[in-house]
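**Student:** Sharing a model that was predicted from the sequence below.
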Amino acid sequence: MSDQKKLAIIATKGTLDWAYPPFILASTAAALDYEVEVFFTFYGLQMLKKDLSCLKVSPLGNPGMPMKMPVGPKWFQGINWNIPNAIQAIIPGYENLATTLMKKTIANNGVATIPDLREMCQEAEVKFIACQMTVELFGFDPETDFIDDIEYAGAAKFFEFAGDSDICLYI
């Protein structure tokens, strides 16, 4: 029996802003010598795709998201972008604007990108598990859609690890 601590993460969201928590927590735990497994299911599978351009920021239904971001010209920075959800839904391109602003803010603050964080996790031997049922449900092709070095398994396989983990997070 190993004394090494274990972190189990269930990643269910598929947006740019929701991709950060599992990768940051997993890479940090691995750096602290935890054994880490991340189970990607439903929309969380987006984070395992080869092409991460599908990751967008959706301010819709996210009232805590500050849309007043420190990017662009000074006059632009002073605008409060907290627009009610009902209006956001009908403004063409609003999600793209939110994604562009978030990416610019991330770059301006020297925060690692999702591809960089994902690679750090893989280098630190964080185990990525894609939910086999969800892969089949959504019609993904493991050979062409996803990165290498991930395992395909069901929830029961993940529970073998999660049941013995010191920390289990649902993100």
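**Tutor:** Sure, I can see it.
**Student:** Going by C-alpha atoms from here, please, whenever you check contacts or count neighbours.
**Tutor:** Fine.
**Student:** which stretches of the protein form strands?
**Tutor:** Under the criterion DSSP state E, the chain carries strands at the ranges 6-11, 35-40, 127-131, 151-153, 167-170.
**Student:** avg pLDDT for the first one?
**Tutor:** Averaged across strand 6-11, the pLDDT comes to 98.
**Student:** cool, stretch 151-163 as well?
**Tutor:** Mean per-residue pLDDT for stretch 151-163: 96.
**Student:** residue ranges with poor pLDDT in the protein?
**Tutor:** Regions of the chain meeting the criterion pLDDT under 70 cover residues 1, 59-90.
**Student:** Would you point out which residue is most central in it?
**Tutor:** Nearest residue to the geometric centre of the chain (Cα atoms, centre = their mean): residue 19, 1.3 Å.
**Student:** Next one: it from residue 137, what distance?
**Tutor:** Separation of residue 19 from residue 137 (Cα to Cα, to the nearest Å): 21 Å.
**Student:** Packed most tightly, which of the strands of the chain would that be?
**Tutor:** strand 35-40 (a mean of 25; mean count of other Cα atoms under 10 Å).
**Student:** quick one, it and strand 6-11 angle?
**Tutor:** On the basis of axes from the mean of the first three to the mean of the last three Cα atoms, to 10 degrees, strand 35-40 is oriented at 10 degrees to strand 6-11.
**Student:** quick one: contacts for residue 11?
**Tutor:** Residue 11 is in contact with 22, 38-41, 44, 170-171, counting by Cα atoms under 8 Å, 6 or more residues apart in numbering.
**Student:** biggest separation within those residues, which pair?
**Tutor:** Pairwise distances across the contacts of residue 11 peak at 12.4 Å for 22 and 41 (criterion: Cα to Cα).
**Student:** Cool, thanks, signing off.
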